[in-house]
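**Student:** Requesting a structural model of the entry that follows:
(chains A and B)
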Amino acid sequence: MLSIKNLHVTVDGKEIIRGLELEVKAGEVHAIMGPNGSGKSTLAHVLAGREDYEVTDGQVLYEGRDLLQMPVEDRAREGVFLGFQYPVEIPGVNNTYFLKAALNAGRKHRGLSELDAMDFIKLVKEKMEILHMDESLLQRAVNVGFSGGEKKRNEVFQMAVLEPRLAILDETDSGLDIDALKDVAHGVNALRSGDRAIVLVTHYQRLLNYIVPDFVHILSDGRIIKSGGRELALEVEEEGYSELRRRAAPA
Amino acid sequence: MSSQAQDLEHLVHREYEAGFVTEVESDTVPPGLDEDVIRLISSKKREPAFMLDFRLKSFRHWLTMSEPVWAHVRYNPIDYQAISYYSAPKSGADGPKSLDEVDPKLLETYEKLGIPLAEQERLAGVAVDAVFDSVSVATTFKDKLAEQGIIFCSFSEAVQEHPELVEQYLGTVVPHTDNFFAALNSAVFSDGSFCYIPKGVRCPMELSTYFRINAANTGQFERTLIVADEGAYVSYLEGCTAPMRDENQLHAAVVELIAMQGAQIKYSTVQNWYPGDEEGRGGIYNFVTKRGDCRGDNSKISWTQVETGSAITWKYPSCILRGDNSVGEFYSVALSNMRQQADTGTKMVHIGKNTSSTIISKGISAGHGQNTYRGLVQVGKGAEKARNYTQCDSLLMGDKCGAHTFPYMEVKNPTARVEHEATTSKISEDQLFYCRQRGISEEDAISIIVNGFCKEVFKELPMEFAVEAQKLLSVSLEGAVG
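**Tutor:** Next up, the predicted model:
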């Protein structure tokens, strides 16, 4: 589904990602872990199409197509979803209205009919139950006055409604208390399916107790220095990133 | 403007959706203004003596005044002698009795504007007093309103049919000496709307007027007078579009509202006159005096405006809170794109006890637009426990536009409470990226964000107007961020 080859990315003249390789297949859950500044968030944003990042080399294929050539909104409409580390506030814009506009933009792009208000509300109610979301959040302005936990729930809720093919969740666990973390994890797990891939970007392995990944990759200085299964995350927790980095350093 | 500039302008003119001119023979007075022209206007309209007197004293006063210069707007001097002060569609000289008598070309114009009168009469439940140039050509639903004693007609008609009401109220809110443009209007106003709601009557439908400037070089001087007698209620809608024009057109309207004891008037405007092209050529000069008088206790006047058009807007819909416990409200969205300049706001004059006012102003600047909020909150000595809340928000798009805020406060009573909040924000790259990452195109995202910014004002508009206003904002902002 997603194939990243020799990716190099520069931000403000500084190379952040330096030859990254990653293969993600449908049905898989990958966790990308790494210390601050290792390039995790940069990777997430490049995949979503943020303009401030300059790709200097390499290739990213999404379902066989050149992802980097696609406009931001087309990536989203074709099923690429980014769960933001810092969801943006949009004052005065009703959360439900926003989500309906997003969903219907995608449906239109895929040649489907737009959902009417009744069908949309039905879908929304269904998804809210999974996340234990407070219904009042629907009527509030997008992320305005939301607590940290509410914002992250809202991201996963949007994901649940939009049903992406490839979901990239950027530090979705940061700033969550244990209850919120469980709800968010529950929401993500409910979306796991054979035709969907999920990439979790996280600093801590705590999230992985609840969303068990198929693969774990350690990102350091813009490269994946080690890949493994679930156990790799525990190893990181025990030994810290620096120890891993030391051992991974070329002899 | 020189003819060369006009030719140039034709080459670069951006298409304006409502830009077309109906070919109707006009009965137009030659350009220029003196007492003879005013006598001519008055006699053409077969006005009673008090009207001519009002016009003449206004004109004489106007001659002693000069144009205001304090507004944050710039334009070339206006040659008032180059303007023709009267134009009437010829076929309507004797006034049509029904839609059948209306010039089919005029009806076609309304169709293009999406105001199918015939349709409206049957379906919409909105009475339209349509103003085409200077003479009203059609009024609908009048009979139905008359059953409840409501008078809703063109101003000229009111002068003929209800001279006593006109004489009693005309110029009592905006005196003929008020300001340069109001004095000019008082001297030469051609037509407009008149509305009277009798005691205790709640007007069963939204009253609506569509203005349209048509004949070239004809200044448009509308006069609107709305009186809500004790305990009455009326909601009035004013919407405008104008055909494409190469030369600046002066529009100096006066609107007077009077709310007696316990009465309520809600006045909503969507203004979409030709804003000029991207270089600032052409476009309407919209110099309007709008004022409401809460004359009785417990009365209420609300102004809601969405201003997206005109090259220059100079407009301060105000409330005189004379009656005790009276309430004044001003909700405004003003957009300046391209080279548009808007200097708009309100005056809330607290005179009565326990009077309260709310001001919500949303200014949007894009392109080279300049947007100014200018507001005065005045609390008189006797206005015990007067309250005001003012919120002034500016949204900037791009880095060549400007937003300015000039709040004035004069408080002479120590028990008054006056609050002012102001913010300035930009549509951020983060917001746009967030929307686009959810599949929403950039243009739709801007529209969604801007509409969110204006929400507090839009919710004050009647439903069908709110939809129109949102559409208008999106159209007006097309290509504003790129």
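**Student:** What does residue 32 show for phi and psi?
**Tutor:** In the absence of a named chain, this looks at chain A. Backbone torsions of A:I32, given as degrees, to the nearest 10, read phi -110, psi 120.
**Student:** my bad, the chain I had in mind was chain B
**Tutor:** Dihedral angles (degrees, to the nearest 10) for B:G32: phi 120, psi 160.
**Student:** One more: A:Y53?
**Tutor:** phi -100, psi 130.
**Student:** Now do the contacts for it.
**Tutor:** A:9-11, A:16, A:42, A:45-46 (CB atoms under 8 Å, 6 or more residues apart in numbering or on different chains). The C-beta positions use only the backbone N, C-alpha and C, and glycine is treated the same way.
**Student:** can you pick the most crowded of the residues you listed?
**Tutor:** Highest neighbour count within the contacts of A:Y53, by other CB atoms under 10 Å in any protein chain shown: A:V46, with 25 neighbours.
**Student:** does it sit in a helix, a strand or a coil?
**Tutor:** With DSSP: H, G, I helix; E, B strand; the rest coil as the basis, A:V46 sits in helix.
**Student:** sorry, back to before: cross the contacts of A:Y53 against helices and list the overlap.
**Tutor:** A:42, A:45-46 (DSSP state H).
**Student:** between the residues you listed, which is closest to A:K226?
**Tutor:** A:T42 (19.0 Å; CB to CB).
**Student:** Name the nearest residue to the closest one, sequence neighbours excluded.
**Tutor:** Leaving aside its sequence neighbours, A:T42 sits nearest to A:I16 (CB to CB, 6 or more residues apart in numbering or on different chains; 4.6 Å).
**Student:** ok, the one you found to A:G39 distance?
**Tutor:** Note on A:I16: its distance to A:G39, by CB to CB, to the nearest Å, is 5 Å.
**Student:** B:G292 now?
**Tutor:** 61 Å.
**Student:** what's the helix or strand for residue 187?
**Tutor:** Let's take chain A. helix A:178-191 (DSSP states H and E).
**Student:** please go with chain B instead
**Tutor:** Going by DSSP H and E, B:A187 is in helix B:180-188.
**Student:** Alpha carbons only: can I get that helix in PDB?
**Tutor:** C-alpha atoms of helix B:180-188 as PDB (Å, rounded to 0.1, in the frame of the first residue of the first chain):
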ATOM      1  CA  PHE B 180     -23.500  66.300   3.900                       C
ATOM      2  CA  PHE B 181     -24.800  63.200   2.200                       C
ATOM      3  CA  ALA B 182     -28.000  63.100   4.200                       C
ATOM      4  CA  ALA B 183     -28.700  66.800   3.300                       C
ATOM      5  CA  LEU B 184     -28.100  66.000  -0.300                       C
ATOM      6  CA  ASN B 185     -30.500  63.000  -0.100                       C
ATOM      7  CA  SER B 186     -33.100  65.100   1.600                       C
ATOM      8  CA  ALA B 187     -33.000  67.600  -1.200                       C
ATOM      9  CA  VAL B 188     -33.100  65.200  -4.200                       C
END
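**Student:** before we move on, the earlier item: of B:G292 and A:G39, who's got more company?
**Tutor:** B:G292 (29 against 25).
**Student:** Is the residue lying closest to B:M409 once chain neighbours are set aside in a helix, a strand, or coil?
**Tutor:** Closest residue to B:M409 apart from its sequence neighbours, by CB to CB, 6+ apart: B:V377 at 4.9 Å. Here B:V377 is recorded as strand under three-state DSSP.
**Student:** For B:V377, the count of nearby residues, please.
**Tutor:** B:V377: 25 neighbours (other CB under 10 Å).
**Student:** Show me the beta-bridge partners of it.
**Tutor:** B:M348, B:M409 (DSSP bridges).
**Student:** Tell me which stretches of the stretch 351-482 of chain B form strands.
**Tutor:** Remark: strands assigned in the stretch 351-482 of chain B by DSSP state E, counting those that start in this stretch are B:356-365, B:370-379, B:387-396, B:402-411, B:417-426.
**Student:** just so I know, which of those lies nearest A:E21?
**Tutor:** strand B:417-426 (38.7 Å).
**Student:** Give the partner strands of that closest one in its sheet and their orientations.
**Tutor:** In the sheet, strand B:417-426 lines up with strand B:387-396 (parallel) (DSSP bridges).
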